[in-house]
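Visitor: My questions are about this predicted structure, shown below with the sequence.
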Amino acid sequence: MPGPATTDATIEVKTDFALIGAGIMSATLSALLRRLEPNAAITVVERLDEAAAESSGPWNNAGTGHAGLCELFYTPQRSDGSIDIAKAVRVNEQFQVTRQFWAYAVQNAMLRRPRDFIHPVPHVGYVRGADGVDYLRRRHRALADNPLFAGAEFITDFAEFAARLPAMAAGADPGVPLALDWARAGTDVDFGALTRQLIDYGARNGTEVLFGHEVRSIERAPDGGWTLGLLHRGTGQRRRLKAGFVFVGAGGATLGLLQRSGIPEVRGFGGFPIGGVFLRCGIPQVTAAHHAKVYGTPAPGAPSTTAPHLDARVVDGSRWLLFGPFAGWSPKFLKHGRATDLPRSVRSGNLASLLAAGIRERELVGYLLGQLRRGHGARVEALRGFLPEADSAHWEGIRAGQRVQVIRGGRLEFDTTIVSAADGSIAGLLGASPGASTAVPAMLEVLARCFPGRSAAWQSGLAEMVPSLGRRLSDEPALFGQVWEWGSRTLELTN
């Protein structure tokens, strides 16, 4: 790569791959590219002064290794009473790909300390009431034959509930029917620690990481690539970064950056920001009494991503409990964003879709307004639906990361979407769920879409990183057993 040149006090540099944002998505893509193209020039551009300071930070998400084991909103009931398991299976398949790459990265010293970012913890679906028990039983049966969900236990006995989740049983009415769908092999993930390790791996191996640099412009270059106008937020120094390929992994800022690029593929997309608040407790005698991630069902009219859950967490070596989320609202698209983010995202190409979504989602708007009126006392009362004897003095409210849900075709979508230019020169990831847990399959999709001509050359390297690449583990239980055992051993997840 040619060295930097200065023109009118603006530094001009070239790179092969420019990745905007230093969260889990860009960190994953930069690590994949560094393995596949060891001599390539790769540049990561981050507006803030450190990696994982937005949605990937450990207190900006629940830290769940999302595999569809306990997230009841992934398995909705159809009108005929049957359970739709398609999304749960799809998310689990995606997480298995991510898990294999993490194991490969540990085995090859890309990630050095797995216990800094991943820990085993049971994943539990939890319901109360006869109707809930009936639903959970049918869900359990629908998933039981899939090897990815084998071994899950269905529990309705209150004494067994009390033995496994004593803090939740204390003060609960044993006369109310309840059920647990207990999956022993879940995980808690500190995506902030993981992201920093991946970014550090790239930096040790030639990737340039530009912290404190904001992307002010994205323009097509005459050669078909892109020129990024960068501004250092501290010194005011400007850079012109010329890149052959650009990936926008900037969380809520992705939509605006793709709009600035002018690619027609982003026309019609809008975004709706949803903030969040969690309750957090780090008192040892409280955290010692609960070791599971327990998910309930969303409130009527609430987004699926707001299903209440009580999470055992490990952050920076300390044990915590987290409960929530409680939805909030702000026009900002990032936690460290601007109040003008939402209005600036409105364009002629997405205005009709935004208005249609606003009309269709009136119930959601009412739910959000109700959430905004909740104080600490009301949040603790919600917590007592999981921990009847919770002491409000033991819990503090913390602000979670800002999420921007995709609006397309007049509908609000609670998923992740990759948008890429027809020529593959730029791509970005929109949406929030299931997000970080599926970072590896999402970034593999980016590579497949944007670099079809390199697929053959990359195939052996990718197959080494993800041994099940291109295969459906639900249909190959023997292969699943092999990669599961390898991953568990390498990631130190065996109990």
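Guide: Thanks, I have it. Note that the structure is a prediction, hence the values are computed from the model and not measured.

Visitor: okay, CA-based contacts and neighbour counts for the rest of this
Guide: OK.

Visitor: Mind checking what secondary structure residue 313 has?
Guide: Put simply, residue 313 is strand when judged by DSSP: H, G, I helix; E, B strand; the rest coil.

Visitor: What residue, apart from its backbone neighbours, is nearest it spatially?
Guide: Nearest in space to residue 313, with sequence neighbours left out and distances taken as CA to CA, 6 or more residues apart in numbering, is residue 320 at 5.0 Å.

Visitor: and that neighbour, how many neighbours?
Guide: Residues near residue 320, counting by other CA atoms under 10 Å, number 20.

Visitor: give me the element it is part of.
Guide: strand 318-328 (DSSP states H and E).

Visitor: Tell me the helix or strand right after that strand.
Guide: Counting by DSSP H and E, what follows strand 318-328 is helix 341-345.

Visitor: OK, contacts around residue 191?
Guide: 24, 52, 56, 57, 58, 63, 117, 436 (CA atoms under 8 Å, 6 or more residues apart in numbering).

Visitor: Single out whichever of these has the smallest pLDDT.
Guide: Lowest pLDDT within those is found at residue 436 (91).

Visitor: Distance check, that one against residue 66.
Guide: 8 Å (CA to CA, to the nearest Å).

Visitor: re earlier: parallel or antiparallel, which strands does the strand holding residue 320 pair with?
Guide: The strands beside strand 318-328 in its sheet (DSSP bridges) come out as strand 270-281 (antiparallel), strand 309-315 (antiparallel).

Visitor: averaging pLDDT over each of those strands, which comes out lowest?
Guide: Among these, strand 270-281 has the lowest mean pLDDT, at a mean of 89.

Visitor: Send me it as PDB with only the CA atoms.
Guide: Extracted in PDB, the C-alpha atoms of strand 270-281 (Å, rounded to 0.1, in the frame of the first residue of the first chain):
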ATOM      1  CA  GLY A 270     -36.300   3.500   6.800                       C
ATOM      2  CA  GLY A 271     -35.400   3.000  10.500                       C
ATOM      3  CA  PHE A 272     -37.300   3.300  13.800                       C
ATOM      4  CA  PRO A 273     -35.200   3.800  16.900                       C
ATOM      5  CA  ILE A 274     -36.000   1.900  20.100                       C
ATOM      6  CA  GLY A 275     -33.900   2.400  23.200                       C
ATOM      7  CA  GLY A 276     -33.900   0.300  26.300                       C
ATOM      8  CA  VAL A 277     -33.300   0.200  30.000                       C
ATOM      9  CA  PHE A 278     -32.200  -2.800  32.100                       C
ATOM     10  CA  LEU A 279     -32.200  -3.400  35.800                       C
ATOM     11  CA  ARG A 280     -28.800  -4.600  37.100                       C
ATOM     12  CA  CYS A 281     -27.700  -6.200  40.300                       C
END
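
Visitor: Distance from the chain centre to that strand, please.
Guide: The chain centroid and the centroid of strand 270-281 are separated by 13 Å under CA atoms, centre = their mean, to the nearest Å.
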